[in-house]
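# Return atomic coordinates for the entry below.
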Amino acid sequence: MSNDRPELDSALYILSASKLAKDIGTGMLAFLLPLYIVGMDSSLFAQTPVVVKAGIIATVFGLSNAISQPLFGRLCDSANRRKPFIIVGTTGFVLISLIYANTDNFDHLVFLRLLQGITVGATVPAIVAMVTHMSTSGTRGTAIGVYSTLRGFGFGLGSIIGGVIATYHSFVIAFYICALLGITSLVLISLFVAETHDSVQRDKNTSYTGYRPEFVILSIAMFMMMAGIMIIFAFLPEYEQRLNTGKIYLSVAVSAYILVRILFQTPMGMLSDRIGRKKMIVLGLFLNIPVVIGLGHVESVGQLIFLRAFQGISMAAVEISVMALAVDLAGYSVGSRVSLITASQAAGMAFGPLFGGLLAGYVSFELPFYLCALLLGIALILVIEGIKESPYDKGG
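Take a look at the predicted model:
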């Protein structure tokens, strides 16, 4: 019996594996920095509640990342080169991680985190373009699932490693390890990942000028999903006190989302190839609404871990399907066109913690979770009414 299932390009696995080390460092920083700032001196934010400060740290990174991605997406498409952007961005990640280890002022840390968002923004559109160049329309969901699984595993593992190192050693040691992981990733990418290019021949049926309305709706969906997931980073210091728990258990709660998500990403990608991208996006958005509300009412770290794990399932359904559908619609110049989606994802990372921190710090702890759930509901309606299945979609 012949097997006519499309095969994935082996280079995809090499690219995904090369990102693993750096993403462990990324996960460590995302978890450690909101806790590192507690008690830190500040001139500009001296009277600011700690939940707001934690939100600011996450926001400046996500915002600078979101703003820079479309710019770098256009640049890498214009040059028709991706690898230099990854190398330069990863180098910036390494240098800033080293500087964190010698920073004890909150204002300085905010500026450094902003710069690091820009360096990471240089890498994202380039990497997404390389992944799509290594796949076809029939394997795109699977390819993005494989890449996101390995990348997500690094991020989730990083949170746990960061919690253990900060508990038994110090934040400073953790930052040095982040830099070392970035160097490892830099070496692997430089030596073992080949450059990819857009095809010279462009299909008139898939080349668009500007952004189609579907891109805007998909971007809103990704923004809302990421805001609902990242909102808890502003609450890490508050959860630590309310739930009477330590950094290691909190790191497990943060990582539960990632580790469960990676278990479901490749299956969700394969499922989206078979039954349709839109169905998976609707399912993921719907599942995340009650989970976000529940995060505002947890009474134990066990409940927090369970809800975060369930968020991993919902995000796996949405992220893989959104990216696959966006690439199907993008045609050529994938980096610049799909960067609207990845930038919105980064913007959600920025909005969630600050939105949550401000409302929790000045209004009430539960309010931001209810409002976030409402925004997810709006995104769900937009997807149902405004998205059609991909023209390549077997499930359409």
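# CA atoms for contacts and neighbours, from now on please.
Fine.
# Leaving out chain neighbours, which residue sits closest to I86?
Closest residue in space to I86, ignoring its immediate chain neighbours: T123 at 4.5 Å, by CA to CA, 6 or more residues apart in numbering.
# got any ranges where this structure has weak pLDDT?
Within the chain, the stretches with pLDDT under 70 are 1-9, 136-138, 140-141, 198-211, 330-337, 389-396.
# if we can go back for a sec, wait, is the residue nearest to I86 part of a strand?
No. With DSSP: H, G, I helix; E, B strand; the rest coil as the criterion, T123 is helix rather than part of a strand.
# any idea how far Q69 is from it?
Applying CA to CA, to the nearest Å, the value for T123 to Q69 is 8 Å.
# circling back to that earlier point, verify the contact between the residue nearest to I86 and G92 for me.
No. Applying CA atoms under 8 Å as the test, T123 and G92 come out as separate, 10.5 Å apart.
# Neighbour count for those two, which is higher?
T123 (24 against 20; other CA atoms under 10 Å).
# Tell me where the stretch 101-250 of the chain has strands.
For the stretch 101-250 of the chain, strands defined by DSSP state E, counting those that start in this stretch do not occur.
# so what does the one helix or strand M28 maps to touch, helix or strand wise?
Using DSSP states H and E, M28 sits in helix 10-36. Applying 3 or more CA pairs under 8 Å, 6 or more residues apart in numbering; DSSP states H and E, we find helix 10-36 packed against helix 50-79, helix 140-168, helix 171-192, helix 236-242.
# Please point out which parts of it sit buried.
12-36 (16 or more other CA atoms under 10 Å).
# what's the spacing between M280 and A317?
5 Å.
# Compare the two and say which is more crowded by neighbours.
Comparing M280 with A317 by other CA under 10 Å, the one with more neighbours is A317, at 30 against 24.
# Test my guess that that one contacts I281.
Yes. Assessed by CA under 8 Å, A317 is found in contact with I281 at 6.0 Å.
# one step back: which residues does the residue nearest to I86 contact?
F85, I86, I87, G89, T90 (CA atoms under 8 Å, 6 or more residues apart in numbering).
# make it 6 Å
F85, I86, G89 (CA atoms under 6 Å, 6 or more residues apart in numbering).
# The last one: which element?
What it means is G89. helix 83-100.
# and the angle from that helix to helix 171-192?
160 degrees (axes from the mean of the first three to the mean of the last three CA atoms, to 10 degrees).
# got the buried residues for helix 83-100?
Here helix 83-100 shows 83, 85-87, 89-94, 96-98, 100 as buried, counting by 16+ other CA under 10 Å.
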